[in-house]
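> All I have is the shape, not the residue letters:
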C-alpha cells in the first residue's frame, strides 16, 4: 500500500506540474502580446510628442504673425484715417471752388433774349395744314391713290 500511495502522490505531482507548465505557456503568450502592445504604445506616444512639439512651434509662429498683422493693420488704419480726413477737407474746398465757378459762369453768361411767342394758330387749322402738306407730298411722289 505504501508503494501505491507513493505512485499516486507522484502522479498527482506530475499532473500538477503539467498544468503549471501549460499555465506558464498561456501566461508567456499573454506577456508577449503585452510587450508588443507596449512597443506600439511607446511608438504612438513618441509620435504624439513629436506632433505636439510641431503644433507648439506652429502656434508660436502664428502668434508672431498675428502680432505683426495687428501692428501693420493699426498703422494702415491710422494712415487711412488721416487720408480720409485730408480727402474730406479737399472735397469741402472743391465744393467751394465749384460754387464760385458756377457764380462766375452765371455772371459771365449773356442775358437770354425774351422768347418770342409763336403765332397762335388754332389746333384744327394746324392739323388741316399738316394733312394738306402730307397729301401734297404723297401726290408729288406719285404714291397717292
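Here it is on my side, so go on. Being a predicted model, the structure only gives us computed values, none of them experimental.
> This protein: helices as residue ranges?
All helices of the chain, identified by DSSP state H, fall at 2-108, 123-141.
> Could you export those helices as TSV, including mean neighbour count?
(Each C-beta comes from the backbone N, C-alpha and C, glycine too.) As requested, the helices of the chain are arranged in TSV below (neighbours: other CB atoms under 10 Å):
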stretch	mean neighbour count
helix 2-108	10
helix 123-141	10
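> could I get the ones you listed as CSV with mean pLDDT?
Listed next are the helices of the chain as CSV, based on pLDDT from 0 to 100:
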stretch, mean pLDDT
helix 2-108, 90
helix 123-141, 79
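> Residue 86 and residue 92, how far apart?
Distance, residue 86 to residue 92, by CB to CB, to the nearest Å: 11 Å.
> again with residue 55
Distance, residue 55 to residue 92, using CB to CB: 54 Å.
> Same question for residue 98.
11 Å.
> likewise residue 139?
68 Å.
> and if you look at residue 39?
Going from residue 39 to residue 92 by CB to CB gives 79 Å.
> Over to residue 84?
Distance, residue 84 to residue 92, using CB to CB: 13 Å.
> Kindly report the same for residue 38.
79 Å.
> and what of residue 132?
Taking CB to CB, one finds residue 132 at 62 Å from residue 92.
> next one: residue 49
Distance from residue 49 to residue 92, counting by CB to CB: 64 Å.
> Check residue 14 too.
Separation of residue 14 from residue 92 (CB to CB): 114 Å.
> and residue 109, backbone torsions?
Per-residue torsions, residue 109: phi -70, psi 130 (degrees, to the nearest 10).
> count of neighbours near it?
Using other CB atoms under 10 Å, residue 109 has 8 other residues around it.
> so who does it touch?
By CB atoms under 8 Å, 6 or more residues apart in numbering, the contact set of residue 109 is empty.
> Alright, that wraps it up for me.
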